[in-house]
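Novice: Sequence and predicted model, in that order:
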Amino acid sequence: MQIWKDGAAEGVVPPNHFGNLRTLDVVPFKGRNFAVQLSRAPKGGGGELHSHPDWSQVFFVMKGALTFDTGAERFTLTAGEAVLFEPNDPHYTINEADEESVSLVITVQQ
């Protein structure tokens, strides 16, 4: 068993993200095939269009709203809603709302 208690930490701005979006490793990869992150995006924060060749990602919006663009579809999720991106699914994210968006991001390596 391992317990993480870093919830008050600020996290980091990942590469190819903007607007001071920050992620915090709740459960880091470190020898696992999955990770759990807390993602906080202020208004205007997000991630550039990208995909992951060997990762699936679930974004579960816990607070606020987050807009996604796949290049073929654009949609906004609000608190309590989620989306699954399979490997190679392109996705762009941005918080267009006035309040901070907080999401739990679960990544599984295929």
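Specialist: Alright, I've got the coordinates. Numbers count the residues shown, from 1 in each chain.

Novice: contacts, neighbours, all on C-alpha from now
Specialist: OK.

Novice: For this protein, which residues score under the pLDDT cut-off?
Specialist: 7-8 (pLDDT under 70).

Novice: now with 80?
Specialist: By pLDDT under 80, the weakly predicted segments of the chain are 1-9.

Novice: Relative to Arg40, how far out is the residue lying closest to Thr67 once chain neighbours are set aside?
Specialist: Counting by CA to CA, 6 or more residues apart in numbering, Thr67 lies nearest to Thr76, which is 4.1 Å off, once chain neighbours are set aside. From Thr76 across to Arg40, the span is 16 Å (CA to CA, to the nearest Å).

Novice: okay, these two: which has more neighbours?
Specialist: Arg40 (23 against 14; other CA atoms under 10 Å).

Novice: and the closest residue to the more buried one other than its chain neighbours, bridged to which residues?
Specialist: Once flanking residues are discounted, Arg40 sits nearest to Val102: 4.6 Å by CA to CA, 6+ apart. For Val102, the beta-bridge partners are Arg40, Lys63 (DSSP bridges).

Novice: Val102: how many residues sit nearby?
Specialist: There are 25 residues near Val102, going by other CA under 10 Å.
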